[in-house]
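Enquirer: just coords:
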DNA sequence: ATGCAATCGTTCATAGGATGAACGATTCAT
DNA sequence: ATGAATCGTTCATCCTATGAACGATTGCAT
């Protein structure tokens, strides 16, 4: 396929979008065997780092509608990775807690994430990786994004 | 919301996915007023830089099923941005060509992309932007991604 | 030349995620 | 005590993704 060159070299914004989609896809493939999808992984991550955690909070933090969060938590509950515990003080809330199995799953996910990172950045030296992360963090901060959370993993 | 700190600082892979989704969302918002979605923009871009261009080629290059491409091209044709011209030599193919209007749309998109880039990288100096882009290009190359194309813009 | 496989664009059916309205149960405020 | 607000949940609806199948057309082998 013959191509005319695009007028300008590819900008940083386009590269970020391209690489982000690629990274998300590859991560999804990598954890597929564990029986959970990236969106589940994100939930487990937030639940583990949020002491008192209800569904409303989770939904808002992950940028998902509460009605959707119900389904995702149903799936995770069915897999035995977390439990809903009705609060005794305010029986409208249900506290979300990780099961032992959920904690083990989170550890596995952590290992796979490290492998994922290594593969994705195979072209970079250790210093370059840190430079890239530092630049990324600058943008995340200036753009007002919540660290360690991102919306819209695609697929599954 | 009180949070325990995640065990490790955020890795480059996660940052890329987070920033990529953010960049894609912001770009989608920015071009919304033009009446086209990011996936349309991607198609126009490829059509403009591919001299002889049929639907099969487009679909493969953009990672979309041919059946989906039919619909996307229908939408762009309805907006008068491109035309399907049956090849006289092989009447199975239809050559996709940009209309004048499509070219003007592409120019507008180009301007908005530049603004988008400026806003997204507002936290970085010119040199930092170039460093970021250079690191990104290294990864794109090593990962075997097609330059200037990325799959799966989300939304609209 | 004829028949067979392959190619291209297209239609169709199906499954799944996103979105927002509405509801029951419960708690809070006045 | 009554009405507003909160939380989890159900439901209906829209849009997208996915792949099977089809008609039209062409290339190839015999």
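Expert: Received the coordinates, thanks. Since we're looking at a predicted model, the values are computed, not measured.
Enquirer: Tell me the secondary structure of the residue most central in space within chain A, please.
Expert: Against the mean C-alpha coordinate of chain A, by C-alpha atoms, centre = their mean, the closest residue is residue A:42 at 3.9 Å. Following DSSP: H, G, I helix; E, B strand; the rest coil, the label given to residue A:42 is helix.
Enquirer: Please name the nearest non-neighbouring residue to it.
Expert: Using C-beta to C-beta, 6 or more residues apart in numbering or on different chains and skipping residues adjacent in sequence, the residue nearest residue A:42 is residue A:62, 5.9 Å away. Glycine gets a C-beta too; all of them are placed from N, C-alpha and C.
Enquirer: Please apply the same query to residue A:34.
Expert: residue A:108 (6.0 Å).
Enquirer: looking at it, that neighbour is touching residue A:35, isn't it?
Expert: No. Residue A:108 is beyond contact range of residue A:35, at 10.5 Å (criterion: C-beta atoms under 8 Å).
Enquirer: Of those two, give the one with the bigger neighbour count.
Expert: residue A:108 (15 against 11; other C-beta atoms under 10 Å in any protein chain shown).
Enquirer: re the thing from before, for the residue nearest to the centre of chain A, give its distance to residue A:21.
Expert: Residue A:42 sits 16 Å away from residue A:21, going by C-beta to C-beta, to the nearest Å.
Enquirer: And for residue A:148?
Expert: Counting by C-beta to C-beta - residue A:148 and residue A:21 are separated by 19 Å.
Enquirer: Between the two, point out the one with more neighbours.
Expert: residue A:21 (24 against 18).
Enquirer: So the more buried one is in contact with residue B:22, correct?
Expert: No. Using C-beta under 8 Å, residue A:21 is not in contact with residue B:22, being 12.0 Å away.
Enquirer: Return the distance of the helix or strand hosting residue A:22 from the chain's centre.
Expert: Using DSSP states H and E, the element containing residue A:22 is helix A:12-31. Computed by C-alpha atoms, centre = their mean, to the nearest Å, the chain-centroid distance of helix A:12-31 equals 12 Å.
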